[in-house]
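J.: 3D model of this:
(one chain, ligands or ions: 1)
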Amino acid sequence: MKAVRIHAYGGPEQLRYEDIELGTPQPGEAFVKHKAIGVNFADLHNCQGRYPLPSLPHVLGGEAAGIVEAVGAGVTYVKVGDRVAYAAGGPKFAPGSYAQGRMFPAERLIPIPKEIDDITAAALFTKGLTAQYLIKSVYPIQAGETIVVHAAAGGVGLFIAQWAAHLGVRVIGVVSSEEKAEMAKANGCQHVLLSSEQDIPNRVRSLTGGQGVPVVFDSIGKDTFDVSLRCLRPRGLMVSYGSSSGRVPPFDIFTLNGLGSLSVTSAAFAWFVPNREELLMRAADVVDVVLRKAVKIHVCQQFALKDAALAHRAIESRKTLGSTVLIPE
Ligand SMILES: NC(=O)c1ccc[n+]([C@@H]2O[C@H](COP(=O)([O-])OP(=O)(O)OC[C@H]3O[C@@H](n4cnc5c(N)ncnc54)[C@H](OP(=O)(O)O)[C@@H]3O)[C@@H](O)[C@H]2O)c1
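T.: Here you go, the predicted model:
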């Protein structure tokens, strides 16, 4: 079986397309033959060692869609021939999707409805489940509110923006280029601000009658943390859910008091899908908005699996729009 592995932490130059041995499914596992593989920013963190892998060498990737080709003892959730997808996350589900197929715990496989094609399915669940738990559980957004979404033309950003707009929320998106601004505006953002050119907190205040917003969804981390706090209204919530520009450095908690008794949370996917019941409940919500066309999945970049390094380079250089998918040979 062909897979993309790293033998040492580093940049995209570490990715090697090589043969691996998989064996047979253990009790509770299914073998999924991949049709398409989703690329996520976390894969770059794994590659760099910022999210360490269990061991090296290791196959990268947390998400894919495909067909169950074999099951281990005791598997009842899926059967051979089922179309399924998965979104790995957290310490229990190690990366390993950049491959022609892989073993995965059957209880974490999500059935793919027939209306959703393989490429869409491979790009759907990590971003969709993240958007879902952020806007439904971390901060349940309400119609009529205004929110700020960073990286609004990216994978998760586009998902949040479209879903929030569908729920009657006014979305202020922040992006880094005119091309991304167009994309964000066409997909849920009523206002789009350019991070490089504008004083974001001032612009957000002028768009909200001087008030600020009740919540900011910030996936960028180091470069935007202070900006995000200054966009909030008193008692607002800063949702930090990523660190694309690097980790937020330590800060003085009293800053939150001075800016209006603000709250900050650092949210992660794994804590919101702890068991199959919650995984399928959230997945059903994601599938529902996609089937009702409230959210469109924009797979803007496709690469052959063997060219996964090109996908990493594109993401690293902030050139991508929407989602990125690898296609195994
Ligand atoms: N906590 C969770 O549960 C969870 C789950 C899924 C994803 N995430 C996180 O959410 C974020 C978005 O994931 P995604 O896969 O959808 O990626 P993405 O948003 O498609 O790509 C990352 C975006 O971040 C922005 N960015 C700002 N500074 C950057 C830098 N120094 N290098 C690269 N990009 C930079 C870029 O948008 P602009 O050019 O417009 O600024 C870029 O397009 C990532 O940080 C990811 O780790 C978290």
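
J.: pLDDT at Pro91, what is it?
T.: Here, the pLDDT recorded for Pro91 equals 71.

J.: hang on, isn't it packed against Ala270?
T.: Yes: assessed by CB atoms under 8 Å, Pro91 is found in contact with Ala270 at 7.5 Å. (Each C-beta comes from the backbone N, C-alpha and C, glycine too.)

J.: residue in the stretch 201-329 of the chain nearest to the ligand?
T.: Distance from the ligand to each residue of the stretch 201-329 of the chain (CB to the nearest ligand atom) is smallest for Gly242, at 2.4 Å.

J.: Surely that residue touches Ile220?
T.: Yes: using CB under 8 Å, Gly242 is in contact with Ile220, at 6.8 Å.

J.: Can you name the residues that contact Leu262?
T.: Contacts for Leu262 (CB atoms under 8 Å, 6 or more residues apart in numbering) come out as 229, 232, 234-238, 256.

J.: same thing but at 6 Å, please
T.: Listed by CB atoms under 6 Å, 6 or more residues apart in numbering, the contact set of Leu262 reads 232, 236, 256.

J.: and what of Gly89?
T.: Neighbouring residues of Gly89 by CB under 6 Å, 6+ apart: 269-270.

J.: repeat that for 8 Å
T.: Residues in contact with Gly89 (CB under 8 Å, 6+ apart) are 42, 62, 126, 268-270, 273.

J.: Next, find the distance separating it from Tyr241.
T.: Look at Gly89 and Tyr241: by CB to CB, to the nearest Å, they are 12 Å apart.

J.: For the two, list the residues in contact with both.
T.: Ala268.

J.: that older thread, residues in contact with the residue of the stretch 201-329 of the chain closest to the ligand?
T.: Neighbour list for Gly242: 41, 151, 156, 218-221 [criterion: CB under 8 Å, 6+ apart].

J.: And Gly322, by the same measure?
T.: Listed by CB under 8 Å, 6+ apart, the contact set of Gly322 reads 123, 153-155, 158, 183, 297-301.

J.: Looking at these, which one is closest to Ser196?
T.: Using CB to CB, Ala153 comes nearest to Ser196 of these, at 13.9 Å.

J.: The closest one: what's it in contact with?
T.: Neighbour list for Ala153: 173, 175, 179-181, 183-184, 187, 321-322 [criterion: CB under 8 Å, 6+ apart].

J.: same question, Gln302
T.: Gln302 touches 119, 324-327, counting by CB under 8 Å, 6+ apart.

J.: Distance to Met103, secondary structure and neighbour count for those residues - can I get that in JSON lines?
T.: Below are those laid out as JSON lines (distance: CB to CB, whole Å; DSSP: H, G, I helix; E, B strand; the rest coil; neighbours: other CB atoms under 10 Å):
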{"residue": "Ile119", "distance to Met103": "22", "secondary structure": "helix", "neighbour count": "19"}
{"residue": "Thr324", "distance to Met103": "24", "secondary structure": "strand", "neighbour count": "27"}
{"residue": "Val325", "distance to Met103": "21", "secondary structure": "strand", "neighbour count": "26"}
{"residue": "Leu326", "distance to Met103": "19", "secondary structure": "strand", "neighbour count": "27"}
{"residue": "Ile327", "distance to Met103": "21", "secondary structure": "strand", "neighbour count": "17"}
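
J.: picking that back up, quick one: which of the contacts of Ala153 is the most crowded by neighbours?
T.: Among those, Ala184 has the most neighbours (other CB atoms under 10 Å), with 29 neighbours.

J.: Take the contacts of Ala153 and keep only those in strands.
T.: The strands, defined by DSSP state E, take in 173, 175 from those.

J.: Narrow the contacts of Ala153 to those in helices?
T.: Using DSSP state H, the members of those that fall in helices are 179-181, 183-184.

J.: Please identify the one among these that lies nearest to Ile67.
T.: The shortest gap between Ile67 and any of the ones in helices among the contacts of Ala153 belongs to Met183, at 31.8 Å (CB to CB).

J.: any idea of the pLDDT on the closest one?
T.: Reported pLDDT for Met183: 98.

J.: tell me which parts of the stretch 151-300 of the chain are close to the ligand?
T.: Selection of the stretch 151-300 of the chain residues close to the ligand by CB under 6 Å from any ligand atom yields 151, 153-157, 175-176, 180, 195, 219-220, 223, 241-245, 267-269.

J.: If any of those are buried, give me the PyMOL selection for them.
T.: Buried residues within these, by 16 or more other CB atoms under 10 Å, are selected in PyMOL with:
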select buried, resi 151+153+154+155+156+157+175+176+180+195+219+220+241+242+243+244+245+267+269
